[in-house]
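J.: Next comes the sequence, and after it the predicted model I'd like to discuss.
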Amino acid sequence: MSDFAPRVFSGVQPTGNLHLGNYLGAIRKFVALQESQDCIYCVVDLHSITAQLVHEDLKSQIRSITAAFLAAGIDPKRHIVFNQSRVSGHAELAWIFNCVARIGWMNRMTQFKEKAGKDRENASLGLLAYPSLMAADILLYRATHVPVGDDQKQHLELTRDIAIKFNNDFSERIAEAGLGTEIAVGEETVNGYFPITEPLIGGEATRVMSLKDGAKKMSKSDPSDLSRINLTDDAEQIARKIKKAKTDPDALPSEPKGLEGRPEADNLVGIFAALAEKTKADVLSEFGGRQFSEFKPVLADLAVEKLSPINGEMRRLIDDPGHIDAVLKDGGERAGAIAEKTMRDVKDIVGFLR
Ligand code: TRP
């Protein structure tokens, strides 16, 4: 156990429409955590320029992610909602972390390899440094817990590696400045400035798959809109997409074991379970033996029931950009105050004159 006050941080990139996978894998967890934790939720606009520099509609994308946070139920008064580029500490701390992290660590990141593709030499330097900016996002607030989808696990391990190396390399200075906190690392207790952040990954449907191919993740970049349920889809669109979702000809099994080798069936049952807040076993004990022609309409009704309030609220918020902008400004000011304190400490630890 560490002595750091628990704090949750997470970020979502303002690229493309949010879909059911983003909602079940991340945003819904953000909402649940705010009941018991102090939370900071960030629209990571600086990250969104790593893959593609120029965006037509970055402002509206930032507002739309913010609208999704609020529509899903995040309370921006009790917690903090803001966009990353407003708080200069993110970029500043990321620079210091660029000098902590090793190029070898970055070269091993599977997301970098995937996004850079074959032409690695031509990827932006920002894409390579992406995880160090992500570590800065988290550690600028000395966050202890980070809810993310399982694709971000490796980035969170790197965040821990950066914190450990920083704490280690500067251990004497941290202690001299009286800035250390006791942190348990395995059996040992060390004195460090940054917490060793825990990822929060898990639950049914952490990975929501494409409705057209159970082997592919649901993705905003899939050319077929029928492959995903967007958070802005209305009831009719949701019902139509579920009706057209790929399945196999067999009836549903009565136990989760029977879903093996049936990725599309597994995905729909997982979505049902996540939306109903049940386990797959519960869902199958109810629907085992039934055909998809019976299961799909029930799933569609459930999806509409859970998603249309969010969808309606999102549309309302998107029509009121003044309100969204005020939320982000207020959040940015409160995040900025925490960030400033961290940056003062970090500058003292590294040894800059200020
Ligand atoms: N890389 C994350 C993603 O693509 C987004 C992100 C940026 C993030 N900074 C973060 C997530 C900090 C959690 C914490 O999903």
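T.: Looks like it arrived, so ask away.

J.: Using the three-state scheme, assign Gly214.
T.: In three-state terms, and counting by DSSP: H, G, I helix; E, B strand; the rest coil, Gly214 is coil.

J.: contacting residues for it?
T.: Contacts were defined as CB atoms under 8 Å, 6 or more residues apart in numbering; by that measure Gly214 touches 246, 262-267. Just so you know, the C-beta spots here come from the backbone N, C-alpha and C atoms, and that holds for glycine as well.

J.: distance of it from Arg240?
T.: 19 Å (CB to CB, to the nearest Å).

J.: just to revisit the earlier point, farthest pair in the contacts of Gly214?
T.: Lys246 and Asp266 (11.9 Å; CB to CB).

J.: quick one, what contacts the residue most central in space within the chain?
T.: Nearest to the mean C-alpha position of the chain, by CA atoms, centre = their mean, lies Val148 at 4.2 Å. Contacts for Val148 (CB under 8 Å, 6+ apart) come out as 10, 26, 155-156, 199-201.

J.: Report the contact partners of Ser293.
T.: No residues are in contact with Ser293 under the rule CB under 8 Å, 6+ apart.

J.: which element is the residue nearest to Gly180 when sequence neighbours are not counted on?
T.: Nearest residue to Gly180, sequence neighbours excluded (CB to CB, 6 or more residues apart in numbering): Asn191, at 3.7 Å. Per DSSP states H and E: Asn191 is located in strand 188-192.

J.: If you average the pLDDT over stretch 199-210, what comes out?
T.: Per-residue pLDDT over stretch 199-210 has a mean of 81.

J.: From one end of that stretch to the other, what's the distance?
T.: 25 Å (CA to CA, to the nearest Å).

J.: now stretch 207-218
T.: 8 Å.

J.: So which residues on the protein come close to the ligand?
T.: Neighbours of the ligand within the chain, by CB under 6 Å from any ligand atom: 9-11, 13, 44, 47, 134, 137-138, 146, 148, 152, 155.

J.: go with 8 Å
T.: 9-13, 26, 42, 44, 47, 84, 111, 130-131, 133-134, 137-138, 143, 146-149, 151-152, 155-156, 159 (CB under 8 Å from any ligand atom).

J.: Give me the subset of the residues you listed lying in helices.
T.: Using DSSP state H, the members of the residues of the chain next to the ligand that fall in helices are 47, 111, 130-131, 133-134, 137-138, 155-156, 159.

J.: Would you mind writing the PyMOL command to select the buried ones in those residues?
T.: To isolate the buried subset of these in PyMOL, counting by 16 or more other CB atoms under 10 Å, use the following:
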select buried, resi 47+130+131+133+134+137+138+155+156+159
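
J.: burial count for the closest residue in space to Arg334 that isn't next to it in sequence?
T.: Nearest non-adjacent residue to Arg334, counting by CB to CB, 6+ apart: Ile80, 5.3 Å away. If you count neighbours by other CB atoms under 10 Å, Ile80 ends up with 23.

J.: what residues are up against Ile80?
T.: Counted by CB under 8 Å, 6+ apart, Ile80 has contacts 39-41, 331, 334-335.

J.: Give me the distance between it and the ligand.
T.: Distance, Ile80 to the ligand, by CB to the nearest ligand atom, to the nearest Å: 13 Å.

J.: For beta bridges, what are the partners of that residue?
T.: Note on Ile80: beta-bridge partners by DSSP bridges are Ile40.

J.: tell me the pLDDT at the nearest residue to Tyr41 once chain neighbours are set aside?
T.: Closest residue to Tyr41 apart from its sequence neighbours, by CB to CB, 6+ apart: Val81 at 5.2 Å. We have a pLDDT of 98 for Val81.

J.: close enough to count as contact, Val81 and Leu70?
T.: Yes - using CB atoms under 8 Å, Val81 makes contact with Leu70 at a distance of 7.3 Å.

J.: between the two, what contacts are shared?
T.: Joint contacts of Val81 and Leu70 (CB under 8 Å, 6+ apart) are Val327.

J.: Have a look at the two and say which one is more surrounded.
T.: Taking other CB under 10 Å, Val81 and Leu70 do not tie; Val81 has more neighbours (26 against 21).

J.: how close does the more buried one get to Leu328?
T.: Distance of Val81 to Leu328, given as CB to CB: 7 Å.

J.: Spit out the residues that contact those two alike.
T.: 43, 66.

J.: any low-confidence regions in the protein?
T.: 1-2, 203-206 (pLDDT under 70).

J.: Domain-wise, how is it divided?
T.: Using automatic domain parsing, the domain parsing of the chain gives 8-203+320-350, 225-317.

J.: Export these to TSV and append columns for distance to Ser219.
T.: Formatted as TSV, the domains of the chain follow (distance: least, CB to CB, whole Å):
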stretch	distance to Ser219
domain 8-203+320-350	8
domain 225-317	7
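
J.: Select, out of those domains, the one closest to Ser210.
T.: domain 225-317 (4.2 Å).

J.: Would you tell me which helix is longest in this protein?
T.: Longest helix in the chain, counting residues (DSSP H): helix 321-350.
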